[in-house]
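Chemist: Dropping the sequence and predicted coords here.
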Amino acid sequence: MKNELIVLPHDRHWDEARLAWNLAVDQQPAAVALPESARDVGAIVRWARERGLRVAPQGTGHNAHPLGSLAHTVLLKTERMRGVAIDARAQRARVEAGVLWAEVTEAAAEHGLAALAGSSPDVGVVGYTLGGGVSWLSRRYGLAANSVTAIELVNAEGELVRADADQNADLFWALRGGGGSFGVVTALEFALYPITDVHAGVLFFPLERGAEVLRAWRRWVDTVPDEVTSVGRFLQFPPVPALPEHLRGQSFAVIEAVSLLGQDASDELLRPLRELGPQLDTFATIPAHSLDRLHMDPEHPVPGAGDGMVLSDLNDAAIDALVQTAGAGSHSPLLSVELRHAGGALARKVPGGGAVSSVNGRFLLFAVGMAPTHDAGTAVKAQVELVQNALAPWDAGRAYSNFATKRERGERLFGDLTYRRLQTVKATVDPDDVFRSNHPVRLPATEVRQAA
Ligand SMILES: Cc1cc2nc3c(=O)[nH]c(=O)nc-3n(C[C@H](O)[C@H](O)[C@H](O)COP(=O)(O)OP(=O)(O)OC[C@H]3O[C@@H](n4cnc5c(N)ncnc54)[C@H](O)[C@@H]3O)c2cc1C
């Protein structure tokens, strides 16, 4: 095996190599592996197994928190595997394991196509899609996992296999939503959609109007078709020079929305929200690939702490609970508390879909704050829990793995039946539990041992 593929704790680049995108996570694996090809991945898996080590695949480390201890584990980072190929005629993309969303949306846009990317340009395509993938276009086109047509993966023997509807169908089912417990994905193929422009933007209101704005948004979402996806959100920007002056140190209640309906119909739909009198209105017709900047997510590694929740619904009492714990006067240290409108195609299970093909709730919450120090992280985590506890009456009883940054029980992520089926696939393809995922599907025997 090439030496440069493996970085060990005494190596000069060790601290750089073990970094996660989330800088608050201190990853201490036995080794870091940096493959450049599927062949390298196979060699690394065999190298790890010969030494009795496990393998944790990682794209960017956006969701590194729940991985936990990486003792006796090779952290396999796919960041050097960055190939993107667009088949314009078939409206399909093939991407290698380390590709970031912005790299796909920009390449697809050259052919008048759009992908089911998330809100952030630098989230990894593979990690996001294996967890489901809630996109700005998902109320119309469903979870990103439902658009996957084939997956290439290095298995526990270090062999490259392909999973699609016709071959390794159980594995194909498990990977679409079931996460990284089954092998190292080396490439994904998925459908693209013929969308060039969207009508999208953000309405900014003072945070003090939070209850009024969220209530109006809540009424509004019941009136919109699947072509419209939106977010209601509290934002408290830190006073950092990197931010433009109109945002720096300011706090807002915002409504973000994307419409596939064209300018006139979108303007008509937005009228009730605009009548609330926002202090800033950025709605415009924009190229679809610009959507990955609408949400204002950080585009480089940051230290953060946060967690999500799936809500069965959102009524006035829920909005009051949110305002009390994260709105004006709450002294919340959270940078962002957002509610994403689900429903539409996100609510519909797909025939032939994977382990997760829909979202079991009407709204998805994600609350996050900066954690540059241990104390700051502790304060943020405490506030996130306060928000989650206040909203507990509206807990849909399920977690969404991409927004779950704590270890959740498999049954809560997938439901009982699906989790049992995932465990069966795990026992078949990785009986020695070589692969370590942030949201692990455990071997049935491991679970019994842990419960004992
Ligand atoms: C700023 C921000 C914005 C976000 N926006 C959205 C959004 O709009 N919609 C949404 O659904 N989610 C969103 N997320 C959540 C994001 O999708 C998850 O954090 C996802 O797990 C990130 O994937 P990653 O590969 O970048 O991260 P990683 O932490 O590298 O990967 C997460 C897990 O995926 C698995 N994995 C990754 N690569 C491989 C591989 N090659 N083979 C096998 N398993 C692998 C592993 O189990 C790994 O632990 C956001 C997160 C952040 C921090």
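Modeler: Yes, it's here.

Chemist: burial of the closest residue to the ligand within the stretch 251-400 of the chain, as a residue count?
Modeler: Of the residues in the stretch 251-400 of the chain, the one nearest the ligand is residue 297, at a distance of 4.0 Å by Cβ to the nearest ligand atom. From N, CA and C alone the C-beta is placed, and that goes for glycine too. By the measure other Cβ atoms under 10 Å, the count of residues near residue 297 is 17.

Chemist: again with residue 324
Modeler: Using other Cβ under 10 Å, residue 324 has 15 neighbouring residues.

Chemist: ok, now residue 211?
Modeler: When neighbours are counted by other Cβ under 10 Å, residue 211 registers 17.

Chemist: element containing the closest residue to it other than its chain neighbours?
Modeler: Closest residue to residue 211 in three dimensions, ignoring its sequence neighbours and counting by Cβ to Cβ, 6 or more residues apart in numbering: residue 323, at 4.8 Å. Secondary structure assigned from DSSP states H and E places residue 323 in helix 316-326.

Chemist: Identify the residues contacting residue 138.
Modeler: 116, 144, 229, 344-346 (Cβ atoms under 8 Å, 6 or more residues apart in numbering).

Chemist: per-residue confidence at the closest residue to residue 385 other than its chain neighbours?
Modeler: Closest residue to residue 385 in three dimensions, ignoring its sequence neighbours and counting by Cβ to Cβ, 6+ apart: residue 307, at 8.0 Å. The predicted local distance difference test score for residue 307 is 98.

Chemist: List the buried residues of the helix or strand containing residue 307.
Modeler: According to DSSP H and E, residue 307 maps onto strand 304-311. For strand 304-311, the neighbour count (16 or more other Cβ atoms under 10 Å) marks 304-311 as buried.

Chemist: Residues touching it, excluding its own?
Modeler: Taking Cβ under 8 Å, 6+ apart as the criterion, the residues outside strand 304-311 that touch it are 22, 24, 65, 318, 334, 339, 359-371, 377, 380-381, 384-385, 388, 391, 394-400, 402-406.

Chemist: Now do the helices in this structure.
Modeler: Under the criterion DSSP state H, the chain contains helices at 14-17, 38-50, 101-109, 125-130, 138-141, 169-178, 210-221, 263-274, 316-326, 374-390, 410-414, 416-429, 444-451.

Chemist: which one of those helices is the most hemmed in?
Modeler: helix 125-130 (a mean of 29; mean count of other Cβ atoms under 10 Å).

Chemist: ok, of the contacts of residue 138, which come out buried?
Modeler: When burial is judged by neighbour count using 16+ other Cβ under 10 Å, the buried members of those are 116, 144, 229, 344-346.

Chemist: can you list the residues of the stretch 201-350 of the chain near the ligand?
Modeler: Within the stretch 201-350 of the chain, the positions lying close to the ligand (Cβ under 6 Å from any ligand atom) are residue 297.

Chemist: lowest-confidence helix or strand of this protein?
Modeler: Confidence across the helices and strands of the chain bottoms out at helix 444-451, with a mean of 57, counting by mean pLDDT, DSSP states H and E.

Chemist: so what's the residue most central in space within the chain closest to, chain neighbours aside?
Modeler: Here the mean C-alpha position of the chain is nearest to the C-alpha of residue 402 (Cα atoms, centre = their mean), at a distance of 4.1 Å. Beyond its immediate neighbours in the sequence, the residue positioned closest to residue 402 (Cβ to Cβ, 6+ apart) is residue 131, lying 3.9 Å away.

Chemist: Settle this for me: that neighbour is touching residue 176, isn't it.
Modeler: No: at 9.9 Å, residue 131 and residue 176 do not qualify as touching, with contact defined as Cβ atoms under 8 Å.

Chemist: Pull up the overlap in contacts between these two.
Modeler: In the contact map built from Cβ under 8 Å, 6+ apart, the residues linked to both residue 131 and residue 176 are 145, 356.

Chemist: so of the contacts of residue 138, which ones are in strands?
Modeler: Among the contacts of residue 138, the residues falling in strands (DSSP state E) are residue 229.

Chemist: Just flag the most distant two among the contacts of residue 138.
Modeler: 144 and 344 (14.5 Å; Cβ to Cβ).

Chemist: Show me the shaky parts of this protein.
Modeler: In the predicted model, the chain carries pLDDT under 70 at residues 1-3, 446-452.

Chemist: hmm, try it at 50
Modeler: Low-confidence segments of the chain (pLDDT under 50): 448-452.

Chemist: show me the residues around residue 191 that make contact.
Modeler: Contact partners of residue 191, counting by Cβ under 8 Å, 6+ apart, are 91-92, 147, 149.

Chemist: Would you check how far apart the closest residue to residue 105 other than its chain neighbours and residue 444 are?
Modeler: The spatial neighbour of residue 105 that comes closest, neighbours along the chain excluded (Cβ to Cβ, 6+ apart), is residue 289 at 4.1 Å. For residue 289, the distance to residue 444 equals 44 Å [Cβ to Cβ, to the nearest Å].

Chemist: same question, residue 397
Modeler: As defined by Cβ to Cβ, residue 397 lies at a distance of 23 Å from residue 444.

Chemist: Ok, residue 222 next?
Modeler: Taking Cβ to Cβ as the measure, residue 222 and residue 444 are separated by 43 Å.

Chemist: ok, now residue 370?
Modeler: Applying Cβ to Cβ, the value for residue 370 to residue 444 is 40 Å.

Chemist: What residues does the stretch 1-150 of the chain have near the ligand?
Modeler: 57-64, 67, 78, 97, 118-120, 123-124, 126-128, 130-134.

Chemist: ok, now the stretch 351-452 of the chain?
Modeler: Proximity of the stretch 351-452 of the chain to the ligand (Cβ under 6 Å from any ligand atom) is limited to residues 402, 437-438.

Chemist: How about the contacts made by the nearest residue to residue 155 once chain neighbours are set aside?
Modeler: In space, not counting the residues next to it along the chain, residue 155 is nearest to residue 183; the distance is 4.7 Å by Cβ to Cβ, 6+ apart. For residue 183, the contacting residues are 153-156, 161, 171, 429-430, 435, taking Cβ under 8 Å, 6+ apart as the criterion.

Chemist: how much space between residue 183 and residue 402?
Modeler: Spatial separation of residue 183 from residue 402 under the definition Cβ to Cβ is 19 Å.

Chemist: ok, back up a step: tell me how many other residues crowd the residue nearest to residue 402.
Modeler: Counted with other Cβ under 10 Å, the burial measure for residue 131 works out to 28 neighbours.
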